[in-house]
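Chemist: based on what follows, work out the 3D shape:
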Amino acid sequence: MAIRINGNGASVDKYFMLINTALPYAKQRFTACHELYHLLYQKDFKVSQNNAGLFNKKEEEEYNADLFAAYLLLPEMGLKELVPAVEQQVDKITLATLLKVEQNFLCSRAALLTRLKELKWITKKTFDLYKNNVVNSAIEYGYNTQLYYPTYQTELVGDYNLKARELYDMGRISQAKYYSLLMDMEINVSQEVYGEE
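Modeler: Sure thing, here's the model as predicted:
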């Protein structure tokens, strides 16, 4: 999810992004790049729910956001560096190379296959051949599989915590509300305040 609040010339625009960490790590990265497009480049953008990775041409801005994410995560020059020249020909890419690229760019198989199809390195036939059994193939080739699973990590990027504290210090929110905001960030208030372990 992404939100942009326009400053209307009087102040700077405010940006907010929330990524669901119950999604596989590769999907989280794609979603973050997708939402960056909405926040930084889409005109008259206010809010979006997660439609990342669908590559739905019927929804122009969602499609543009997906393309932006794919280009950002999988730049053509980087792909040309990692993929042997012989495998850059139509439908010549191997599973071993796909796995190497996925692991290098920390991207999902779906995003990679979509990008390769867009570059005309693969057809729908090869896309369909490699789109399934992603985790098993990574294991068979000796790769770590963390990329394909949710992280369930809470990570705070930005100044949400500082803004919450500022509101509390100014008396604009109660201590209970401040602690509630800290708990939203998965900060264990009782452990931190009372020194419990």
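Chemist: rest of the way, CA atoms for contacts and neighbours
Modeler: Will do.
Chemist: any idea which helix or strand in this structure has the lowest mean pLDDT?
Modeler: Ranked by mean pLDDT, DSSP states H and E, the weakest helix or strand in the chain is helix 189-194, scoring a mean of 60.
Chemist: now Ala111: closest residue in space, sequence neighbours ignored.
Modeler: Spatial nearest neighbour of Ala111, excluding adjacent residues (CA to CA, 6 or more residues apart in numbering): Ala70 at 6.5 Å.
Chemist: for this protein, just list every one of the strands.
Modeler: 2-5, 14-17, 47-48 (DSSP state E).
Chemist: as CSV, the ones you listed with mean neighbour count, mean pLDDT and distance to Lys57 would be great.
Modeler: Listed next are the strands of the chain as CSV, based on neighbours: other CA atoms under 10 Å; pLDDT from 0 to 100; distance: least, CA to CA, whole Å:
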stretch, mean neighbour count, mean pLDDT, distance to Lys57
strand 2-5, 18, 74, 20
strand 14-17, 15, 79, 23
strand 47-48, 16, 69, 17
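Chemist: can you put those strands in CSV and add distance to Leu39?
Modeler: Output for the strands of the chain, formatted as CSV (distance: least, CA to CA, whole Å):
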stretch, distance to Leu39
strand 2-5, 6
strand 14-17, 7
strand 47-48, 9
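Chemist: what number of residues lie near Phe30?
Modeler: Phe30 has 24 neighbouring residues, counting by other CA atoms under 10 Å.
Chemist: show the pLDDT at Leu156.
Modeler: What the model reports as pLDDT for Leu156 is 69.
Chemist: can you offset everything so residue one is 4?
Modeler: Sure, I'll start counting at 4 from here, so that last one is Leu159.
Chemist: and the gap between the residue nearest the centre of the chain and Thr148?
Modeler: When CA atoms, centre = their mean is applied to the chain, the residue found nearest the centroid is Arg32 (2.5 Å). From Arg32 across to Thr148, the span is 15 Å (CA to CA, to the nearest Å).
Chemist: with Leu85 instead?
Modeler: Counting by CA to CA, the gap from Leu85 to Thr148 is 20 Å.
Chemist: quick check, Glu65 in contact with Tyr44.
Modeler: No. Counting by CA atoms under 8 Å, Glu65 sits too far from Tyr44 to count as a contact (12.0 Å).
Chemist: between the two, who's got more neighbours?
Modeler: Neighbours around Glu65 and Tyr44, counted as other CA under 10 Å, are more numerous at Glu65. The numbers are 24 against 14.
Chemist: residue contacts, that one?
Modeler: Going by CA atoms under 8 Å, 6 or more residues apart in numbering, Glu65 touches 54-55, 58-59.
Chemist: again, but for Thr100
Modeler: Neighbouring residues of Thr100 by CA under 8 Å, 6+ apart: 85-86.
Chemist: pLDDT score assigned to it?
Modeler: The model reports Thr100 with a pLDDT of 98.
Chemist: one step back: skipping its backbone neighbours, what lies nearest the residue nearest to the centre of the chain in space?
Modeler: Cys110 (7.3 Å).
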